[in-house]
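Participant: Fold the following, please.
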Amino acid sequence: MSLGEEDNKAALRALAHPVRLQIMSLLTSAPLTAAEVARELDLTHANASYHLRTLHAGGMIVLAGEEKIRGGVAKRYRYEPAEDRGVPATPEGNRVIFVAAANELIRRTAEGKFDGPKVMADAEVWVDPSDWKRIKEAIGELAIELHLAAKPPRTPGTVRTSTTVAMFDMEAGR
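Facilitator: You can find the predicted model right below:
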């Protein structure tokens, strides 16, 4: 999908606040209303509603439906990780999403349990382009699988987890 310049700016603005990645993660597991997001993240309803509207305007989340609640209409939003939308695939857009993810990782480590098995990989390496392509595709598919396996927050029998994947080509430089 080709985004115009205004759409690009809206998508980049959508990630300008750290709570929005948390909201996108929540919306992976199930469509939620502003009231449900507010309860889960300890936000005011107005604040959650504002962030949801900003994410929706930036194309980062989709409207999953509406329902009547106490005489009003509540919108349910969902994040579809397999969809190609949102932050434009430009150098600026890519940097914005990677910096936002890095900052979210810092927040999550404060809540991490590090007493059991974990997976950690960090590499700045040179690899054959065909291997790089194959590995990126495989990890991308697994990331989508993880998102599709997500359950609503606090579902009995589930564990709260954190996964951050950032893979990109680097300048040949040093």
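
Participant: Could you verify that A74 is part of a helix?
Facilitator: No. Using DSSP: H, G, I helix; E, B strand; the rest coil, the assignment for A74 is strand, not a helix.

Participant: how close does it sit to M120?
Facilitator: As defined by Cβ to Cβ, to the nearest Å, A74 lies at a distance of 40 Å from M120. Just so you know, the C-beta spots here come from the backbone N, C-alpha and C atoms, and that holds for glycine as well.

Participant: all strands of the chain, in order?
Facilitator: When secondary structure is read from DSSP state E, the chain shows strands at 62-69, 72-78.

Participant: Give me whichever of these is most buried.
Facilitator: Mean neighbour count (mean count of other Cβ atoms under 10 Å) peaks for strand 72-78 among the strands of the chain, with a mean of 15.

Participant: elements contacting it?
Facilitator: Under the contact definition 3 or more Cβ pairs under 8 Å, 6 or more residues apart in numbering; DSSP states H and E, strand 72-78 sits against helix 19-29, helix 34-41, helix 45-57, strand 62-69.

Participant: so who does the spatially closest residue to Q22 that is not a sequence neighbour touch?
Facilitator: Using Cβ to Cβ, 6 or more residues apart in numbering and skipping the chain neighbours, the partner closest in space to Q22 is L41 (6.0 Å). Contact analysis of L41 by Cβ atoms under 8 Å, 6 or more residues apart in numbering lists 19, 22-23, 26, 48.

Participant: still on that earlier bit, could you dump the strands of the chain to CSV with mean pLDDT?
Facilitator: As requested, the strands of the chain are exported to CSV (pLDDT from 0 to 100):
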stretch, mean pLDDT
strand 62-69, 92
strand 72-78, 93
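
Participant: Need the ones you listed in TSV (columns: distance to D169).
Facilitator: As requested, the strands of the chain are exported to TSV (distance: least, Cβ to Cβ, whole Å):
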stretch	distance to D169
strand 62-69	30
strand 72-78	31
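
Participant: and the lengthiest helix in the chain, how far from the chain's centre?
Facilitator: Under DSSP state H, the helix in the chain containing the largest number of residues is helix 129-149. Relative to the chain's own centre, helix 129-149 is displaced by 16 Å; criterion: Cα atoms, centre = their mean, to the nearest Å.

Participant: Same check on stretch 48-57?
Facilitator: 14 Å.
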